[in-house]
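> just the structure for this:
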Amino acid sequence: MQPRSSLKTQVDRCLHSPQVEFAIVMLILLSVLLVVVELGIDLSSTDYATIQTVDGLITGIFVVELCSRYLVARNKRRFFRHYWFDIIAVLPFYRIVHVLRVLRILRLLRVGILLNRNLNRVASVRAASLSVQLGVLSFIGLTILTGAISIYLFERSHNEDFASFKDAVWWSFFTLVSAEPIGGDPKTDAGRLVTLLVMIGGLTIFAVFTGVVSAIMVQRLKTAMEVKYLELDELRDHIVICGWNRSAHLLIEELQADPGLRHSPIVVVAEFAEFPDHELRRIDRSQLYLSSGDYTMIDVLESVGIHYATRAILLADSLHPRSDQDRDARTVLAALTIEKLNPNIYTCAQLLDRKNDVQLRVAGVEDVIIADELASHLIATSARNQGTANLLSELLTVQVGNQFYQINLPEDWIGITFWEAAHHLKTRFDGILVAVERRNEKQRDTIVNPPKDYPLLAGDRLTIIARQLPALK
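Reported below is the predicted structural model:
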């Protein structure tokens, strides 16, 4: 299925791409640097005017970025809750009240958020510990800079101890570390308030550092997994799994073993009374998000970003005692809701009774798996052929040997026969062509092992057996 992305969707994906987020981090750091440099320059100099021009340009970029995020945001209230710091930072009133320029330093909070999010994408093994260290360093830097700028602006006209910004930085650092004013005593009420806040920041950092060390020690001694509670609003192109049963952890392991899906976030939403720590001990935790809720409800599905997910998997939920008919009814209801909220999503549903297949097909669910029926077929096939169990086990997992892959028919293969395509695949990629999928008026027909002279048409998808996904152009 090829989703048709609107301009709004394309802008949203661009704003949340790693490249754009890295550029935002660089611009924020440059903006903070300009604030620091600006303090040591005479207001009438040409350098000050240049800095003001560059700062205005950067602020303009942030305004465009925030306006774009507002336009693509589905929940406007959530947008203001997440970006109110950034909105305050780009407002021009700090040019009138000079001391309010310190508000631009608050953008460093967003730097920590963006770096942590992208760290999970590229460094899954050590992401948790690195994120904590990065968060502590960001808080220290924010406190030192905010304290230094504030005390310098408030005290420079009244106190020789803060005659230069360099002195203010050292004062802020030592006051933070020692939790008492070192290097100068403020004389203004505003300066004393800044001193108090820096000292409280120092005590807070000490408490955080103690907590981090304790958490690391506990984590090393703890065998159960600590599932992350993270904001899901920023996830894009993720997989949503609705429901939980005893085979769910095997499904997640299989998805994470696929090279093409290894870095895709997976969100599991179900009515958890407690999270299944023991079952998830072999799972890559950096890309796993668990959410407790009723996945048949619209607000729950929206909270896990169903609008931006690329795949939805519906399991026959077994967390609560229900009849097979009730479990299938919940699956059908969730599928109808998901397809309504995101018509472009690929949906695969597990049913317990074949009779409920009709409702899912009408809803637009692409694939329906009848678990018991499929297991019975596999057992019968193995019994009839006496020894095909190992063959089927290999083909149905990406962790060993050959697997099934589906690929779009290349344009230069349109019009050739099934046999010619099979020859190309075996010769070039050592793959075996086994079936052709063709869409006819919103219905998919799969032709397994068609005649050798069967013509291939535009829009066909080929099902092959290979050791890895062929790189067709």
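
> I figured F62 was touching I87, is that so?
No - taking contacts as CB atoms under 8 Å, F62 lies outside contact range of I87: 9.4 Å. To be clear about C-beta, it is placed using only N, CA and C from the backbone, and glycine gets the same treatment.

> neighbour-wise, which of the two wins?
Applying other CB atoms under 10 Å to F62 and I87 shows that F62 carries more neighbours, namely 19 against 14.

> so what's that one up against?
27, 31, 86, 89-90 (CB atoms under 8 Å, 6 or more residues apart in numbering).

> 7 Å - rerun?
Taking CB atoms under 7 Å, 6 or more residues apart in numbering, we find F62 in contact with 86, 90.

> helix or strand right after the one helix or strand it maps to?
Assigned by DSSP states H and E, F62 belongs to helix 46-72. Sequence order places helix 76-90 as the next helix or strand after helix 46-72, per DSSP H and E.

> got phi/psi on the residue nearest to T388 when sequence neighbours are not counted?
Counting by CB to CB, 6 or more residues apart in numbering, S382 is the residue found nearest to T388 once chain neighbours are left out, at 5.1 Å. The phi and psi values for S382, taken as degrees, to the nearest 10, are phi -60, psi -40.

> ok, how many other residues are close to S382?
Neighbour count for S382, taken as other CB under 10 Å: 16.

> check S138 too.
18.

> which element is it on?
Per DSSP H and E: S138 is located in helix 127-155.

> checking the nearest residue in space to A422 that is not next to it in sequence next. Helix, strand or coil?
Nearest residue to A422, sequence neighbours excluded (CB to CB, 6+ apart): L433, at 4.0 Å. When classified by DSSP: H, G, I helix; E, B strand; the rest coil, L433 comes out as strand.

> check contacts around L433.
Neighbours of L433 in contact, by CB under 7 Å, 6+ apart: 418, 421-422, 425, 462, 464.

> average pLDDT across stretch 348-357?
Mean pLDDT, stretch 348-357: 87.

> show me what it is in contact with.
Contacts of stretch 348-357 (CB under 7 Å, 6+ apart): 313-316, 324, 327-328, 331-332, 335, 360, 365-373.

> switch the cut-off to 6 Å
313-316, 324, 328, 331-332, 335, 360, 365, 367-371 (CB atoms under 6 Å, 6 or more residues apart in numbering).

> low-confidence ranges, the protein, go.
1-5, 40, 42-45, 92-103, 116-135, 208-209, 211-232, 441-442, 473 (pLDDT under 70).

> closest to F404 among the contacts of L433?
When those are ranked by distance to F404 (CB to CB), I464 comes first, at 7.4 Å.

> what's the distance between the residue lying closest to D233 once chain neighbours are set aside and G305?
Spatially, and ignoring its direct neighbours in sequence, D233 is nearest to R78 (6.4 Å; CB to CB, 6+ apart). Separation of R78 from G305 (CB to CB, to the nearest Å): 12 Å.

> when the two are compared, which one has more neighbours?
In this view R78 and G305 are compared by other CB under 10 Å, and G305 has more residues nearby, 23 against 12.

> ok, now how distant is G459 from T310?
20 Å.

> more neighbours: which of those two?
T310 (17 against 13).

> list the contacts of that one.
Shown in contact with T310 (CB under 6 Å, 6+ apart): D237.

> next: the one 4 residues further on.
Contacts of L314 were listed using CB under 6 Å, 6+ apart, and they are 242, 331, 334-335, 349.

> can you do 7 Å?
By CB under 7 Å, 6+ apart, L314 lies in contact with 242-243, 331, 334-335, 347, 349-350.

> if you skip the residues just before and after it, what's nearest to F429?
Closest to F429 by CB to CB, 6+ apart is P470, at 4.0 Å.

> tell me, how many residues neighbour that neighbour?
16.

> returning to that earlier point: of the contacts of L433, which is the nearest to T143?
Nearest to T143 among those, with distances taken as CB to CB, is I464, at 57.4 Å.
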